[in-house]
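Novice: let's see this in three dimensions:
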Amino acid sequence: MDNASLSLPPLVLTPGEVNLATLRRIHAGGVQLALDPSARSGLLASQATVRRIVEAGDTVYGINTGFGKLAQTTIPHERLAELQRNLVLSHSAGTGAPLPEGVVRLVLATKAVSLARGHSGIAPEIVDALIALGNAGLLPRIPSKGSVGASGDLAPLAHLACVLIGEGEVTAPDGAVIGGAEALSRIGLKPFVLGPKEGLALLNGTQVSTALALAGLFGAEDVFAAGLMAGALSLEAIQGSIKPFDARIHAARGQPGQIAVAAAVRALLEGSEIIPSHADCGRVQDPYSVRCVPQVMGACLDNLAHAARVLRIEANAASDNPLVFDNGDVISGGNFHAEPVAFAADIIALAIAEIGAISERRMALLLDSGLSGLPPFLVRDGGVNSGFMIAQVTAASLASENKSLAHPASVDSLPTSANQEDHVSMATFAGRRLAEMVENTAVVVGIEAMAAAQGIELKRGPKSSPLIEAEFAAIRERVAFIDQDRFLAPDIEAMRQWARRGRWPEALQAILPSRA
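Specialist: Predicted coordinates for the structure are as follows:
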């Protein structure tokens with residue numbers, strides 16, 4: 001955590017009201033968090049309810065029973081602490097590379113928010129510890145694989161809970177891997193002895209699936225904006241028509257994403273000198289990959305907006321089990337089932353795949369001299385030079401790869417826990433695969449933008465709009481004009497970073513769900 005972030009006032013997390021902009025900032029890092037003090041009373045009340053149940057000797061699932069298929073086993077009072085500790089240790093069965101730091105920050109924050117809803121019966125000090133770990137940059141090492149997204153993200157959240165009992169591993173701000181007890185000591189705490197229900201409350205919940213899907217959403221927004229910018233650049237490079245972006249066309253259909261995308265592209269091209277320069281060129285229609293940008297990218301935007309709504313709700317949800325209510329009822333249900341998250345992640349995957357698919361088609365259009373009016377493969381002295389020929393192959397390979405990755409994870413299910421958990425969501429994988437898809441599409445869109453800039457320069461005459469000219473200059477700061485073949489891999493990486501940079505003209509920023 002840098003000194004600048006420590007000097008800023010913390011972001012206050014009010015359970016039930018945390019918005020997407022806040023979640024995006026948490027994912028990006030560099031912020032301190034604080035729990036809204038008003039949440040403390042609900043935490044204490046639900047904790048008191050659990051204590052009364054234990055003291056009365058009532059048998060309630062998750063408080064003094066076994067778990068899953070062992071729920072019929074009553075646990076004596078003197079073994080309740082052992083029960084919770086064993087639960088955490090036995091469920092720490094994840095595998096694979098650790099989750100990225102931004103995702104872990106989201107897990108810590110959303111788990112704290114979920115518990116602070118006051119339905120979990122957990123000590124406020126545990127919630128405080130989750131926030132303190134994140135603020136100190138002490139991030140639990142959570143394996144990325146091992147959850148089916150039902151009964152919560154049990155294995156990954158167990159690795160988080162391990163740290164609170166002094167076990168497990170943590171990545172420190174300097175990159176060193178330290179033990180859970182050492183991490184707690186750095187924030188002035190000793191390992192917790194978990195009370196009744198506390199281990200279960202930490203393990204049940206959809207926070208890992210939700211964090212992965214949120215990270216995918218934020219990445220999808222980045223490549224969506226980059227894709228719109230690349231599309232506008234390509235339109236100018238081929239001297240395409242602005243008429244299909246006329247507001248009347250899109251109002252006649254009424255799809256909100258389509259209307260918003262057409263307006264954004266019009267704003268990007270406002271003031272272009274290229275557009276009027278070819279008003280009498282005789283071209284009747286552009287190919288769909290240019291003409292139907294509002295229809296395709298608008299549908300992607302609508303899907304991202306729907307997924308964003310679902311994930312904002314889930315990031316604020318009480319999703320462990322059982323839940324404790326104000327009147328003293330403790331009710332076992334299924335809020336840990338991550339089907340809403342799985343569906344949202346699958347929808348995001350479709351959007352990411354389509355953003356890349358239509359971008360790759362525009363890239364192919366730019367290289368086809370018969371359609372674009374540009375030199376073959378966007379290079380002079382063709383034959384000796386291959387230009388963008390194989391860059392387009394790279395784009396095609398990644399766009400096709402995303403088609404396989406976009407297969408819905410939510411339609412899959414394998415029973416677990418001796419068929420007690422007989423239908424699962426696969427939300428964790430649904431969210432996890434989004435990261436790879438985002439990077440694939442970032443490369444595709446970046447290659448298109450680089451190719452479009454090449455096309456504009458090959459035909460350089462009248463200037464484009466101020467916004468497009470500024471973007472052209474930004475691309476040229478990253479990659480030079482290709483006058484003869486050169487080692488392209490560094491240019492492609494530079495343009496991938498361009499697509500992931502996260503800051504775009506207001507016309508694009510304003511329509512992104514987490515920024516609107």
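Novice: do you know how far the residue nearest to V443 when sequence neighbours are not counted is from G216?
Specialist: Distance criterion CB to CB, 6 or more residues apart in numbering; nearest residue to V443, sequence neighbours excluded, is R496 at 4.9 Å. Where C-beta positions appear, they are placed from N, C-alpha and C, glycine not excepted. Between R496 and G216 the computed distance is 17 Å (CB to CB, to the nearest Å).
Novice: between those two, tell me which one has more neighbours.
Specialist: Neighbour count, other CB atoms under 10 Å: between R496 and G216, G216 has more, with 28 against 20.
Novice: now that one. Nearest residue, chain neighbours left out?
Specialist: Using CB to CB, 6+ apart, the nearest residue to G216 is L434, at 2.7 Å.
Novice: ok, the residue nearest the centre of the chain - contacts?
Specialist: Residue closest to the mean C-alpha point of the chain, counted by CA atoms, centre = their mean, is A215 at 1.9 Å. Going by CB atoms under 8 Å, 6 or more residues apart in numbering, A215 touches H27, P100, G102, V103, L106, G431, L434, A435.
Novice: surely P156 is in contact with V208?
Specialist: Yes. Assessed by CB atoms under 8 Å, P156 is found in contact with V208 at 4.4 Å.
Novice: tell me the secondary structure of the residue nearest to the centre of the chain, please.
Specialist: helix (DSSP: H, G, I helix; E, B strand; the rest coil).
Novice: can you tell me how far it is from P513?
Specialist: 14 Å.
Novice: and T73, by the same measure?
Specialist: Distance from T73 to P513, by CB to CB: 45 Å.
Novice: more neighbours: the two, which one.
Specialist: Set T73 next to P513 and count neighbours by other CB under 10 Å: P513 wins out with 23 against 11.
Novice: for the more buried one, which non-adjacent residue is closest in space?
Specialist: According to CB to CB, 6+ apart, the nearest residue to P513 is A308 (3.6 Å).
Novice: low-confidence ranges, the stretch 401-516 of the chain, go.
Specialist: For the stretch 401-516 of the chain, the stretches flagged by pLDDT under 70 are 417-420, 422, 516.
Novice: then the stretch 251-400 of the chain?
Specialist: Across the stretch 251-400 of the chain (using pLDDT under 70), the flagged ranges come out as 280-284.
Novice: show me the strands in the stretch 201-350 of the chain, by range?
Specialist: Secondary structure of the stretch 201-350 of the chain (DSSP state E, counting those that start in this stretch): strands at 323-324, 330-331.
Novice: ok, now which ones touch S289?
Specialist: Contact partners of S289, counting by CB under 8 Å, 6+ apart, are I358, R361, R362, L365.
Novice: let's go with 6 Å and repeat that
Specialist: Neighbouring residues of S289 by CB atoms under 6 Å, 6 or more residues apart in numbering: I358, R361, R362.
Novice: burial count for the closest residue to it other than its chain neighbours?
Specialist: Distance criterion CB to CB, 6+ apart; nearest residue to S289, sequence neighbours excluded, is R361 at 3.9 Å. Using other CB under 10 Å, R361 has 20 neighbouring residues.
Novice: separation between R361 and I355?
Specialist: In terms of CB to CB, R361 sits 11 Å off from I355.
Novice: tell me the secondary structure at E167.
Specialist: coil.
Novice: next up, the contacts around V148.
Specialist: Per CB under 6 Å, 6+ apart, neighbours of V148: V424, M426.
Novice: quick one, phi/psi of it?
Specialist: phi -100, psi 0 (degrees, to the nearest 10).
Novice: now do A56
Specialist: phi -80, psi -10.
Novice: state the number of residues packed around it.
Specialist: A56: 8 surrounding residues under other CB under 10 Å.
Novice: ok, now S404?
Specialist: 9.
Novice: where's it, which helix or strand?
Specialist: Using DSSP states H and E, S404 sits in helix 389-405.
Novice: return the distance of the very next helix or strand once past that helix from the chain's centre.
Specialist: Following helix 389-405 in sequence order, the next helix or strand is helix 427-458 (DSSP H and E). Distance of helix 427-458 from its chain centroid, counting by CA atoms, centre = their mean, to the nearest Å, is 15 Å.
Novice: helix/strand/coil for V170?
Specialist: Per three-state DSSP, V170 ends up strand.
Novice: grab the nearest non-local neighbour of it.
Specialist: V170 sits nearest to A183 (CB to CB, 6+ apart), 3.9 Å away.
Novice: repeat that for L106.
Specialist: Here the residue nearest L106, using CB to CB, 6+ apart, is A211, at 3.7 Å.
Novice: also A132?
Specialist: Closest to A132 by CB to CB, 6+ apart is I187, at 4.5 Å.
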